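Peer 1: give the three-dimensional model of this entry:
(one chain, ligands or ions: 2)
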Amino acid sequence: MINKILLAIFLLSTTLTLRAGEGMWLPQLLKALNEGEMQTMGMKLTAEQIYSVNQGSLKDAIVHFGGFCTSEVISDQGLLLTNHHCGYGQIQSHTSLENNYIKNGFWAKSLNEELANPGLFARFIVRIDDVTEAMLAGVTDQMSNKERQSQIDKNMAKLKENTKLGKFEDLMIRPFYHGNQYFSFTTVTYNDVRLVGAPPEMIGKFGADTDNWEWPRHTGDFSLFRIYAGPNNEPAEYNENNKPYNPKHFLPISLDGVEEGDFTLIFGFPGRTNQYLPGVAVEQLVETVNPARIAIRDAALKILDAEMRKDEKVKIQYASKFARVANYWKKWIGENQGLTSTNALTKKATLEKEFTKKLNTNLTLKGKYGDILPAFQDKYKALEPYVLSANYYNEIMGRNIEAMRIVSYMRRLVSSYEKSGDDGYEKYKGRILGRMDSFYKNYSPKIDKQVFARLTEMYGNADGAKEIAASMQNYLMGNGIRDYNQLADQVFAKSMVLDKTAVLAAINQNPAAALEKIKADPLYKFAVKISDTYQEKIEGRYREINGEIADLQRRYMAGLMEVFPDRRFWPDANSTMRVTYGKVQGYQPRDGITYNPLTTLDGVIEKYQPGDYEFDVPKKLLELNAARDYGEYATKDGKMPVCFLGSNHTTGGNSGSPAIDANGNLVGLNFDRVWEGTMSDINYDPSICRNIMVDARYILFIIDKYAGAGHLVKEMKLVHPRTDSSNNKSKKKMNKPVGAKKPQMQLKNESTEGTKQKVVPYRGGGR
Ligand code: ARG
Ligand code: ASP
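Peer 2: Numbers count the residues shown, from 1 in each chain. Ligands and ions are numbered 1, 2, ... in the order given. Sure thing, here's the model as predicted:
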């Protein structure tokens with residue numbers, strides 16, 4: 001009994017107070033919300049040194065990398081540091097059998113050897129402003145969802161029109177707290193970003209899928225790029241004459257490393273979290289959605305794995321695809337286990353009980369929010385018949401049967417012709433030709449056919465996806481097909497989609513003949529039938545209910561903040577710039593096991609398996625290790641640090657984010673989380689949520705000693721914050737990089753100069 005009471009008190013206190021390490025905070029609100037706590041935890045910087053509109057601050061070194069990862073400027077020559085897995089697509093695009101940069105690594109010896117990457121961009125944030133008032137002008141509680149959205153769209157257009165921007169600036173407006181608050185981000189985007197260096201895969205992807213989402217970790221997951229600018233340091237499209245970009249700020253790199261308990265800050269662009277879901281939503285995720293998508297990927301991965309083991313060529317073709325599918329497959333398994341082991345549902349229930357109790361003591365609040373929790377129950381129940389079908393559809397038709405990609409191109413080709421005639425047809429054809437080349441380069445119809453047979457069978461037998469299942473079964477019956485293997489045989493034997501030459505021959509005819517050929521294709525016909533069923537029976541209603549849920553979630557968020565005014569709320573991640581902070585810290589994954597937060601090169605050697613595709617080690621690295629030839633990058637006791645753990649709250653998109661020490665220096669590079677804590681996207685728990693970083697000293701060691709690219713290290717500013725007396729004397733002094741001594745506000749313009757920002761954190765209440 002006593003235990004039960006203690007448990008209840010514990011659960012209550014953890015749901016009502018913010019948990020240490022939790023939160024992805026807006027940089028311009030740190031002063032109001034976090035500065036004190038951060039300094040208590042050991043930070044020696046001020047909020048102004050992290051984010052300032054008027055002078056160079058840490059934020060000016062933080063770059064959204066291609067919109068999917070984070071990177072940071074680490075020299076006054078625009079040198080960018082990000083993860084190997086973030087630069088993987090670019091590294092692969094420059095790779096050929098003769099120049100196998102994935103296998104052997106790549107190091108530009110001078111600027112003119114750096115490689116251009118069309119389409120890749122580097123985006124800076126100039127300033128962040130609260131635009132809630134303008135965005136919600138004229139919006140009332142009485143409006144329907146549709147009316148509300150249309151008013152917001154109008155307000156956004158007006159706001160964009162009325163905002164004065166500098167020559168190269170853009171304005172991006174995003175909802176926060178599920179639409180209760182809006183911020184605008186003034187951005188400057190550079191489009192000439194070149195590949196500078198990458199370690200061989202045996203270092204950059206060491207441990208591959210076996211070690212992915214795991215601790216202890218030994219991956220040197222980094223790569224180097226460089227931003228190039230046109231005349232006057234301004235953004236410019238790729239041009240030979242462009243010069244390395246001179247930043248407003250770049251991060252010095254600490255050679256002193258970290259110890260357990262040290263303050264760390266992660267600055268980047270986290271993609272998506274769902275921390276404020278009602279219990280009923282988490283239940284649906286744990287019990288329905290995650291098991292379905294895990295099972296689908298499990299089936300597909302088994303087929304891929306078996307074929308990859310049989311054939312070296314297939315292994316190369318499918319390595320990157322396998323990694324992509326396996327990444328979230330493994331994440332969802334960890335997420336489900338973590339949600340269960342941390343009692344996420346009990347915690348949600350406790351919070352909801354407390355919420356209801358508070359409403360019951362206050363009639364006004366009850367009137368405003370009393371309907372929300374029961375409505376969530378109804379809406380998620382209404383969603384249930386659609387949610388499985390939608391997830392099956394996305395996973396099976398949208399991702400794991402690869403040929404569906406080509407089918408979707410064919411569908412667009414058909415509709416382009418039907419809409420805009422020859423012109424439309426030719427235009428879209430021009431767009432897909434290149435993509436088809438890269439698709440077929442890595443395509444095995446033999447594998448895809450097995451995946452098709454297995455996954456259509458799963459879809460056709462899925463209890464929760466009745467409409468689609470019926471449509472599949474009808475298709476089989478209508479065509480006299482016995483089972484899904486026979487379906488695969490028939491469809492794959494006669495479809496042109498499996499063969500690039502056949503597809504090109506078909507679409508290079510005149511459009512009318514091409515359409516006839518496409519529409520007669522058996523795979524195309526099958527896919528059209530299934531996707532028509534999906535669109536008719538599932539998609540519309542699924543979207544509609546989700547829209548209603550989003551509206552409830554907006555009101556619930558406002559309600560939580562108003563009902564618990566003493567609690568500090570952070571806005572869910574939405575791919576905008578955030579700061580998270582914590583400490584270097586280990587954890588206990590299971591009873592009786594404690595993990596240290598630091599790993600060394602000794603662990604690489606322990607895992608070393610000659611010839612294995614995940615755990616092989618390059619010869620040179622073995623030699624450097626045998627000779628203990630670590631240069632100036634070793635720890636005091638002569639070890640080579642590799643990775644470390646922290647209690648910083650991160651998610652997908654934070655890959656490539658700098659880990660910054662108490663003084664504003666780079667000490668590590670974020671790239672992953674631990675498996676037991678992957679539920680941090682839904683239910684952050686300080687006891688087991690940890691982020692994984694590569695130690696900056698390992699990165700420097702690999703660049704300098706392993707790759708012999710010391711010229712790159714010379715560009716950087718290396719510092720010793722623990723021994724540097726100037727740092728110890730003045731507590732609040734940021735280690736200024738050399739490049740920032742000169743006045744470097746090249747992007748000055750009216751909107752960024754000399755402005756005072758009014759910052760008032762949102763306190764709930766909603767509209
Ligand atoms: N789990 C990390 C993230 O979500 C790393 C993924 C890349 N590595 C891999 N083996 N798939 O991005
Ligand atoms: N590996 C992830 C990324 O690529 C980071 C994470 O999910 O922790 O952004």
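Peer 1: give me the distance between the host helix or strand of residue 189 and the centre of its chain.
Peer 2: Residue 189 is part of strand 181-190, with elements assigned from DSSP states H and E. Distance, stretch centre to chain centre, for strand 181-190: 18 Å (CA atoms, centre = their mean, to the nearest Å).
Peer 1: right, and the helix or strand after the one helix or strand residue 127 maps to?
Peer 2: Residue 127 is part of strand 122-130, with elements assigned from DSSP H and E. Next helix or strand after strand 122-130 toward the C-terminus (DSSP H and E): helix 132-135.
Peer 1: go through that following helix and flag the buried ones.
Peer 2: Residues 132, 134, 135 are the ones in helix 132-135 that count as buried (16 or more other CB atoms under 10 Å). C-beta here means a position set from N, CA and C on the backbone, and glycine is covered the same way.
Peer 1: how about residue 120, what does it touch?
Peer 2: When contacts are counted by CB atoms under 8 Å, 6 or more residues apart in numbering, residue 120 touches 65, 66, 90, 191, 193, 225.
Peer 1: hmm, try it at 7 Å
Peer 2: Residues near residue 120 by CB atoms under 7 Å, 6 or more residues apart in numbering: 66, 90, 193.
Peer 1: work out for me the element it sits within.
Peer 2: Using DSSP H and E, residue 120 falls outside every helix and strand.
Peer 1: distance check, it against residue 106.
Peer 2: The gap separating residue 120 from residue 106 is 15 Å, by CB to CB, to the nearest Å.
Peer 1: now swap in residue 507 and tell me
Peer 2: Residue 507 is 35 Å from residue 106, by CB to CB.
Peer 1: try residue 144
Peer 2: Using CB to CB, we find residue 144 at a distance of 55 Å from residue 106.
Peer 1: so for the two, which sits in the more crowded spot?
Peer 2: Taking other CB atoms under 10 Å, residue 144 and residue 106 do not tie; residue 106 has more neighbours (25 against 9).
Peer 1: element containing the residue of the chain positioned farthest from its centre?
Peer 2: Computed with CA atoms, centre = their mean, the residue of the chain farthest from its C-alpha average is residue 480, at 45.0 Å. Using DSSP H and E, residue 480 sits within no helix or strand.
Peer 1: list the contacts of it.
Peer 2: Residue 480 sits in contact with no residue, where contact means CB under 7 Å, 6+ apart.
Peer 1: my guess is residue 388 contacts residue 465, does it?
Peer 2: Yes. The criterion here is CB atoms under 7 Å, and residue 388 meets it with residue 465 at 5.1 Å.
Peer 1: settle it for me: which of those two has more neighbours?
Peer 2: residue 465 (27 against 24).
Peer 1: what does the model give the residue lying closest to the more buried one once chain neighbours are set aside for pLDDT?
Peer 2: Take residue 465 and drop its neighbours on the chain: the residue closest to it by CB to CB, 6 or more residues apart in numbering is residue 389, 4.0 Å away. We have a pLDDT of 92 for residue 389.
Peer 1: then residue 327?
Peer 2: At residue 327, the pLDDT value in this model is 95.
Peer 1: is it true that it touches residue 297?
Peer 2: No. Using CB under 7 Å as the test, residue 327 is too far from residue 297 to be in contact (9.8 Å).
Peer 1: from the chain's centroid, how far away is stretch 568-578?
Peer 2: Relative to its parent chain, stretch 568-578 has a centroid offset of 13 Å by CA atoms, centre = their mean.
Peer 1: then stretch 562-577?
Peer 2: With CA atoms, centre = their mean as the basis, the mean position of stretch 562-577 lies at 20 Å from the chain mean.
Peer 1: now do stretch 658-667
Peer 2: Its chain's C-alpha centre and that of stretch 658-667 lie 21 Å apart, by CA atoms, centre = their mean.
Peer 1: span of it from start to end?
Peer 2: 8 Å (CA to CA, to the nearest Å).
Peer 1: what residue in this structure comes nearest to ligand 2?
Peer 2: Going by CB to the nearest ligand atom, ligand 2 is nearest to residue 655 of the chain, at 2.9 Å.
Peer 1: hang on, that residue is in a helix, isn't it?
Peer 2: No. Counting by DSSP: H, G, I helix; E, B strand; the rest coil, residue 655 is not found in a helix; it is coil.
Peer 1: which residues does it contact?
Peer 2: 69, 70, 83, 85, 86, 670, 671.
Peer 1: and it, how far from residue 84?
Peer 2: 10 Å.
Peer 1: thinking again about what came up before, how about the contacts of residue 120 in TSV, adding neighbour count, secondary structure and distance to ligand 2?
Peer 2: Formatted as TSV, the contacts of residue 120 follow (neighbours: other CB atoms under 10 Å; DSSP: H, G, I helix; E, B strand; the rest coil; distance: CB to the nearest ligand atom, whole Å):
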residue	neighbour count	secondary structure	distance to ligand 2
66	21	coil	12
90	25	helix	15
193	28	strand	18
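Peer 1: and which of those residues is nearest to residue 413?
Peer 2: Nearest to residue 413 among those, counting by CB to CB, is residue 66 at 27.4 Å.
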